[in-house]
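1. Quick one: sequence plus predicted model below, questions after.
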Amino acid sequence: MKHSKSTLITSLLLAAAFVLAGCSEKLPEETSPSPATTTTTAATTEAPTEPSESETSLPPETEAPSETTLGPNSTAQVTEKAVQINGQLSVKGTDIVNQNGEPYQLRGMSTYGLNNLAIPFNDDFVTTMAEDWGCNVIRLAMYTWGETDSYMINPDKYFNDICNYVDLCIAHDIYVIVDWHILYDGDPNEHTAEAVDFFSRLSAIYSDCPNIIYEICNEPNGNRYNDESQPVDWECIKPYAKEVIAAIRENDPDNIIIVGTPNWSSDVDIVCDDPLEGENLMYTFHFYASSSKQEKRDRIQVAYDKGLPMFCTEWGCTGDTGGGKVDIEESQRWIDFMAERNISWCNWSIAGGSGETSNALKIRSQMLTPDQKMAGHWPDQFLSKSGYFVRSQILGQEYVAPDEA
Ligand code: IDC
């Protein structure tokens, strides 16, 4: 695995972090990822023929204003070292608890697909997320298949990227979710071998690091082999989950593993009657506030009352396409619902799809030059309505709409 110069710096940062954080002296070993087989069975969801619009090509160089009229760039509001204070997390009942056995809520942002990052995952980005936004967790959404680029197409690149991004989160003392982001490949069994290989190698590197959390299937959905008589239900997901969990536990006995649930990570009220065996396992639900309201919270309450530990690894203020109305009121109801139950969450997403209202940053805005976008510490005017709201909730502040500020 080739590491660039910046990674060398990261590794030096990491060495310091390891000493401080008490991680094992083991730095990510130079692993040469074994080529993942990319044999896939019949896809359950047609991959898009058109590549999703890339945001990686930032707008052409724009003349930066002579002096910024954009108000103060964001500054550090949280400098507590989340992992140094909370250490090894574990699951107790429905709670995540820290090393002292105290309930602990993770709140943070999900990246957009790692194959299409509009904002590079660099040190400035993680500094901004951890200190200015107060994220104690970041979710790395690695699409597995169906995009113009994905893990199945480029396993070495994405394994290396994941290790570099995890290293950055360790260096900034925050938790990090590695998300095996199935979506078009809604049946996780399509790529079990690749998932076992990926998580085996990853857990071998980071087993001693309390920062890492494994999310092994983003959103199981659709039907096996496009056969409507074979829905991707919990019976279909369980064998996949058992195999991947066993592979991780070979190396990493205790870091949290999060399992996706049927129907785009919705059916927690079904899974709660038949949970997997094992310690420190959690189950995902996702929601998009313009589409999911009280009826979905009622289903989650059923699972909660039955003691199912859940993590909302992805949610949006918008419709479930990532666009449409930003429903702040309903989002606030969800935030309060999760806070009252100590349910951790990550918002979708920091910056991605072309002009989607779920983006936290106005990534296509000409307000900032490409360099300013990449330097992090973005001014409030660069935040979308969703981003401005979510940042306040991550920081635990009361939301005041910008035009009322
Ligand atoms: C969406 C992106 C959109 C992209 C699409 C397919 O916002 O730009 O074209 O994926 O890659 C999910 C998925 C997540 C979706 C998101 C919004 O986990 O990948 O992102 N969403 O549609 N589940 C429900 C909503």
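-> Received, thanks. Small disclaimer: the values here were computed from a predicted structure and weren't measured.

2. Could you name the helices and strands sitting against the helix or strand where residue 242 lies?
-> Residue 242 is part of helix 234-251 when elements are defined by DSSP states H and E. Packing contacts for helix 234-251, counted by 3 or more CB pairs under 8 Å, 6 or more residues apart in numbering; DSSP states H and E, involve helix 192-206, strand 257-259, helix 262-265. In short, each C-beta sits where N, CA and C put it, glycine included.

3. go again using 7 Å as the cut-off
-> helix 192-206, strand 257-259 (3 or more CB pairs under 7 Å, 6 or more residues apart in numbering; DSSP states H and E).

4. I'd like those laid out as JSON lines, including mean pLDDT, distance to the ligand and mean neighbour count.
-> Shown next, in JSON lines, are the helices and strands packed on helix 234-251 (pLDDT from 0 to 100; distance: least, CB to the nearest ligand atom, whole Å; neighbours: other CB atoms under 10 Å):
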{"stretch": "helix 192-206", "mean pLDDT": "98", "distance to the ligand": "16", "mean neighbour count": "21"}
{"stretch": "strand 257-259", "mean pLDDT": "99", "distance to the ligand": "13", "mean neighbour count": "26"}
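
5. helix or strand for the residue of the stretch 201-350 of the chain found nearest the ligand, which one?
-> Nearest residue of the stretch 201-350 of the chain to the ligand, counting by CB to the nearest ligand atom: residue 322, 3.0 Å away. Using DSSP H and E, residue 322 sits in no helix or strand.

6. What helix or strand is residue 109 located in?
-> Secondary structure from DSSP H and E places residue 109 in strand 107-110.

7. thinking again about what came up before, burial check on the residue of the stretch 201-350 of the chain closest to the ligand, number of neighbours?
-> As a burial measure, residue 322 scores 17 neighbours (other CB atoms under 10 Å).

8. Need phi/psi at the residue in the stretch 251-400 of the chain that the ligand sits nearest to.
-> Here the stretch 251-400 of the chain gets closest to the ligand at one residue, residue 353, 2.4 Å apart by CB to the nearest ligand atom. Main-chain torsions, residue 353, degrees, to the nearest 10: phi -50, psi 150.

9. That one touches residue 316, doesn't it?
-> No. Using CB atoms under 7 Å, residue 353 makes no contact with residue 316, being 11.1 Å away.

10. Which one's more surrounded, the two?
-> Taking other CB under 10 Å, residue 353 and residue 316 do not tie; residue 316 has more neighbours (31 against 21).

11. For the more buried one, give its distance to residue 140.
-> 17 Å (CB to CB, to the nearest Å).

12. how about the residues of this protein that lie near the ligand?
-> Within reach of the ligand by CB under 6 Å from any ligand atom, the chain has these residues: 52, 113, 147, 183, 218-219, 264, 286, 288, 314, 320-322, 348, 352-353, 356, 358.
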